[in-house]
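# here is a sequence with its predicted model. Questions after.
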Amino acid sequence: MQARCAVALGSNIGDSHAILEAAIERLAHAPSIVLQAKSRWYTTKAVGPPQPNYLNGCAILQVELSPQLLLDTLLAIEQEFGRVRQQRWGPRSLDLDLLLYDDLRLDTPTLQIPHPRMRERAFVLVPLVEIAPNWVEPVSGRVIKELVKEVDCSDVHL
Ligand SMILES: Nc1ncnc2c1ncn2[C@@H]1O[C@H](COP(=O)(O)OP(=O)(O)OP(=O)(O)O)[C@@H](O)[C@H]1O
Ligand SMILES: Nc1nc2c(c(=O)[nH]1)N=C(CO)CN2
């Protein structure tokens, strides 16, 4: 079973650029994952509690993993990069969110697809539109290039 997936990457602790580049390499070499595309890195104002700016980007992966196994892989890579889970929406060395998995809709206690907050997040939609403008977000039924027009992108910069 093959699926095309979109993943969001973020970091605001440590050398975020080096961490995100290393995380992409790690993903690209993970079993059952092929890296198809990656966006540029954007500096973004933190959403949530006061904290340093983030560096954010997105990647498209071809995977031979179930959604749950892909999430487990993402969480394991976060741990490898020293992620310490503290407050919700608090600062982190590496955050990997599973945004889209083909046109799947899933709502379980541990995994929601599409990511439920992706439609309102400029720090997700701006990098994603670079690499997947015509992907239909299955809850809204709208393509990413339309969704990005509806968010305030003024705090997202190259
Ligand atoms: N699509 C998804 N991608 C990543 N994690 C998810 C997803 N759906 C549910 N989760 C669950 O969310 C849990 C907490 O994730 P995390 O700590 O990264 O949240 P957060 O980054 O603080 O907030 P947000 O989810 O708003 O980005 C994960 O352990 C995972 O079980
Ligand atoms: N700009 C920005 N803000 C955030 C981010 C993020 O990646 N970028 N991640 C969060 C928790 O997922 C909370 N706030």
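Right, received. Where do you want to start? Ligands and ions are numbered 1, 2, ... in the order given.

# please enumerate the strands of the chain.
3-11, 33-38, 42-44, 54-63, 95-101, 106-107, 112-113, 136-137, 142-143, 156-157 (DSSP state E).

# partners of the fifth one, with directions?
Just to be clear, that refers to strand 95-101. strand 3-11 (antiparallel) (DSSP bridges).

# is ligand 1 contacted by the strand it pairs with?
No: shown here: strand 3-11 not in contact with ligand 1 (CB under 6 Å from any ligand atom), separated by at least 7.9 Å. Every residue, glycine included, has its C-beta placed from N, CA and C.

# just want the angle from that strand to strand 33-38.
70 degrees (axes from the mean of the first three to the mean of the last three CA atoms, to 10 degrees).

# now do strand 3-11, average pLDDT.
Looking at strand 3-11 alone, the average pLDDT works out to 98.

# how about that strand, does it reach ligand 2?
Yes: Strand 3-11 comes into contact with ligand 2 (CB under 6 Å from any ligand atom), by way of residue 10.

# and the angle for that strand with strand 54-63?
160 degrees.

# spatially nearest residue to the closest residue to ligand 2 within the chain (excluding sequence neighbours)?
Taking CB to the nearest ligand atom, ligand 2 has its nearest neighbour within the chain at residue 10, 2.8 Å off. Spatially, and ignoring its direct neighbours in sequence, residue 10 is nearest to residue 95 (4.2 Å; CB to CB, 6 or more residues apart in numbering).

# number of nearby residues for that neighbour?
Residue 95 has 19 neighbours, counted by other CB atoms under 10 Å.

# perfect, I'm done here.
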